[in-house]
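A.B. asks: only geometry, no sequence info:
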Ligand code: G4P
């Protein structure tokens, strides 16, 4: 197979959802239907159970487990599917955002009882920023959920994306009879089964007006379905694959993951319509996947694999060319060549050493501290990949060193933890104050623990009253200098040396924005 054929058969995606909507279940069922695993129960949940929700040690343990399910690759109908897992706990939302930079599309899971929940809204925002194509799966139809039309309206309103149902439920909860696929005009009857895949329950109905429908679902439901289908075709424009691929419309499926229901349709439609790897931009130019030379970027680092050896795995998304093991690659930030002899590929549950990888694939490289999130590897070309932004943290705390003899260890530890993306570090221009910013409280416990156990450094965190870190810029150099001069007490640098305005309150930020109309303020590091 040549490079172009390899690219054309790759589909790399992630599942986004609010915790408990059924992500682990759906992941497992996709692997089951995809033939990658043989039995249910093989996929470990990365969900943080309630009793562990505030126990960072337990969470670290679970993060350890989730390394093996970080990337699940499997072959299905001649295609190579890469499913990237995303952390369930909201405190690790940054990890999820970054993982979304490495996929070409997403499946968005929604619980039909709860509708659109907050975490889904946040993740969808990231997808919208990148125009990532989205397929929606409305789950748990075996429960008494909300009216399907209402759910579709809610998705459009809360997630600012148009929808197009490609399947339609017949009843719900106790009266759930099945789903009619508008994608391929098939009727699927529902028999709850957590273990069995019932192929016999698929009935092809070329004409929805045929009386066969009555035979299977009864007169009342049949008429209801016909009315619904007519209404849907009247309200929603025909499904347009190009609009989907541009991230403008989300096709919607209904089903029940735990009962193996609707998953096959989702998977089959996914392989038909989901995009293959697309071109990506570096600071210098657009890189096409089919270019001969390898390029890729680091979107995730998992450390702490073995605390005695401090080794880490860097996850690289291949963007162009072919990755070969034992070849030297150019590390753009350090401007030097690195050699990786033990690249790992991820196939379902197993990690295996690989010799080559293609665009869309994720490889794991063992690293001793050279790589950090956002790093680009090439065959010599300069120019970092764009599109791996940092978002303003929500909680800020000042770092206080508790052992003056260990300040070097503290510096090193902090630097390496930030490289991994555990949190963000801001250093004030005035003085040497360092501030750690995170999305959730848990990271502070994680950082403190890891600094002590891995680097021998002890520190304390002092709470700070900060609202947001704002990256800023201006076309007017004079005004920019004036702003920096006037607000120098509140200006810090992020991990890449970019200037950041540390806003104390929302009101104050609004006032500053009014007073400095030539300055643009942003809550993400890339704009
Ligand atoms: P998550 O990864 O998104 O957090 O969700 P997960 O798959 O762990 O599913 C959350 C709960 O929802 C699980 O129940 C799971 O069995 C259930 N679930 C998933 N899909 C469906 C569905 O289609 N219908 C119904 N009724 N439930 C579904 P649990 O009680 O938390 O765990 P378990 O004891 O059942 O494993």
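C.D. replies: Alright, I've got the coordinates. Please read these numbers as outputs of a predicted model, since none were measured by experiment.
A.B. asks: next, count neighbours for residue 19.
C.D. replies: 17 (other C-beta atoms under 10 Å). Backbone N, C-alpha and C define where each C-beta goes, glycine included.
A.B. asks: now whichever helix in the chain runs longest, how far from the centre of its chain.
C.D. replies: What stands out as the longest helix in the chain, according to DSSP state H, is helix 219-235. Averaged C-alpha coordinates place helix 219-235 at 36 Å from its chain's average position (C-alpha atoms, centre = their mean, to the nearest Å).
A.B. asks: and for stretch 112-120?
C.D. replies: For stretch 112-120, the distance to the chain centre is 17 Å (C-alpha atoms, centre = their mean).
A.B. asks: and for stretch 176-185?
C.D. replies: With C-alpha atoms, centre = their mean, you get 29 Å for stretch 176-185.
A.B. asks: quick one: terminal-to-terminal distance for it?
C.D. replies: Stretch 176-185 has an end-to-end distance of 18 Å (C-alpha to C-alpha, to the nearest Å).
A.B. asks: neighbouring contacts of it?
C.D. replies: Defining contact as C-beta atoms under 8 Å, 6 or more residues apart in numbering, one finds that stretch 176-185 is touched by 141-142, 165-171, 186-190, 201, 204-206, 208, 217-218, 221, 225, 229, 232, 239, 251, 253-256, 261-262, 265, 269.
A.B. asks: which among those end up buried?
C.D. replies: 141-142, 165-171, 186-190, 208, 217, 221, 225, 229, 232, 239, 251, 253-256, 261-262, 265, 269 (16 or more other C-beta atoms under 10 Å).
A.B. asks: near the ligand, which of those show up?
C.D. replies: 142, 256 (C-beta under 6 Å from any ligand atom).
A.B. asks: quick one: which of the contacts of stretch 176-185 sit in helices?
C.D. replies: Short answer: those in helices (DSSP H) are 217, 221, 225, 229, 232, 265, 269.
A.B. asks: and those, which two are furthest apart?
C.D. replies: By the measure C-beta to C-beta, 221 and 269 form the most distant pair in those, at 23.5 Å.
A.B. asks: tell me the domain ranges of this structure?
C.D. replies: 3-273, 281-378, 395-522 (automatic domain parsing).
A.B. asks: if I look at the residue located most distally from the centre of the chain, how far off is the ligand?
C.D. replies: Ranked by distance from the centre of the chain (C-alpha atoms, centre = their mean), the top residue is residue 211, with 44.6 Å. From residue 211 across to the ligand, the span is 31 Å (C-beta to the nearest ligand atom, to the nearest Å).
A.B. asks: okay, how far is it across stretch 291-311, tip to tip?
C.D. replies: 32 Å.
A.B. asks: same question for stretch 8-24.
C.D. replies: 28 Å.
A.B. asks: just the buried residues of that stretch, please?
C.D. replies: 8-19, 21-24.
A.B. asks: what about it, near the ligand?
C.D. replies: Yes: using C-beta under 6 Å from any ligand atom, stretch 8-24 reaches the ligand at 17, 19-24.
A.B. asks: out of those, the closest to residue 97 would be?
C.D. replies: For the residues of stretch 8-24 next to the ligand, the nearest to residue 97 is residue 17 (14.5 Å; C-beta to C-beta).
A.B. asks: touching, the closest one and residue 114? I think so.
C.D. replies: No: here residue 17 lies out of contact with residue 114, judged by C-beta atoms under 8 Å, at a distance of 10.4 Å.
A.B. asks: how close does the most centrally placed residue in the chain sit to residue 384?
C.D. replies: Closest residue to the average C-alpha location of the chain: residue 100 at 3.3 Å, with C-alpha atoms, centre = their mean. Counting by C-beta to C-beta, to the nearest Å, the separation of residue 100 from residue 384 is 18 Å.
A.B. asks: what does residue 354 give?
C.D. replies: 25 Å.
A.B. asks: backbone phi and psi for residue 405, please?
C.D. replies: Here is the backbone geometry of residue 405 (degrees, to the nearest 10): phi -70, psi -20.
A.B. asks: before we move on, what about the one 3 residues further on?
C.D. replies: In terms of degrees, to the nearest 10, the main-chain angles of residue 408 are phi -60, psi -40.
A.B. asks: from here on, count from 708
C.D. replies: Yep, numbering from 708; the last one is residue 1115 now.
A.B. asks: tell me how many other residues crowd it.
C.D. replies: 10.
A.B. asks: next one: residue 930
C.D. replies: Around residue 930 there are 13 residues (other C-beta under 10 Å).
A.B. asks: what do you get for residue 923?
C.D. replies: 16.
A.B. asks: contacts only, for it.
C.D. replies: 894, 896, 910.
A.B. asks: which residues does the first one bridge with?
C.D. replies: When bridges are taken as DSSP bridges, the partners of residue 894 come out as residue 887, residue 910.
A.B. asks: hmm, it is touching residue 913, no?
C.D. replies: No: the criterion here is C-beta under 8 Å, and residue 894 misses it with residue 913 at 10.7 Å.
A.B. asks: helix or strand for residue 1123, which one?
C.D. replies: helix 1114-1126 (DSSP states H and E).
A.B. asks: pLDDT below threshold where in the chain?
C.D. replies: 745-776, 795-796, 899-909, 1011-1017, 1048, 1052-1059 (pLDDT under 70).
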